[in-house]
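Engineer: build me a model:
(one chain, ligands or ions: 1)
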Amino acid sequence: MFNDWLKMLTKLSRNNYSTKDFVCPECGQKSIEYIYVGDPSTRVGYLPAWCRSCNNGIQISRVEIPQGAKMIKFGESERIKNTIPNFKQVVPYE
Ligand SMILES: [Zn+2]
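Structural biologist: Below you'll find the predicted structure:
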């Protein structure tokens, strides 16, 4: 399942950073959300992505943040807390 999430996220740029047609690998619903969190000057950060229906997701660390993608700056803890739910992380090789 982890690889299905990765595969899905590699399609973000092709979809103009919209996840509205993404299907959740866990529950099959079209309720995927993502937000990059990182440094706006270096464009490096991490990428959490999750499903609003089943609350599963993954987090990828050390990613380059593309222009045009949704992002929150490091340190905006209130915004991070209000945007990213406490989802259950899907791990590799489960
Ligand atoms: Zn789901």
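Engineer: so who does residue 73 touch?
Structural biologist: If you count contacts by CB atoms under 8 Å, 6 or more residues apart in numbering, residue 73 has them with 37, 38, 39, 40. For glycine as for every other residue, the C-beta is placed from the backbone atoms N, C-alpha and C.
Engineer: please redo it, this time with the cut-off set to 6 Å
Structural biologist: Residues in contact with residue 73 (CB atoms under 6 Å, 6 or more residues apart in numbering) are residue 40.
Engineer: which positions in the chain make contact with the ion?
Structural biologist: Contacts of the chain with the ion, taken as CB under 5 Å from the ion, map to 24, 26, 27, 51, 53, 54.
Engineer: which helix or strand contains the second one?
Structural biologist: Looking back up the chat, that one is residue 26. Using DSSP states H and E, residue 26 sits in no helix or strand.
Engineer: so it makes contact with residue 57?
Structural biologist: No - using CB atoms under 6 Å, residue 26 is not in contact with residue 57; the gap is 8.8 Å.
Engineer: burial of the closest residue to residue 43 other than its chain neighbours, as a residue count?
Structural biologist: Spatially, and ignoring its direct neighbours in sequence, residue 43 is nearest to residue 65 (4.5 Å; CB to CB, 6 or more residues apart in numbering). Other residues within reach of residue 65, judged by other CB atoms under 10 Å, total 19.
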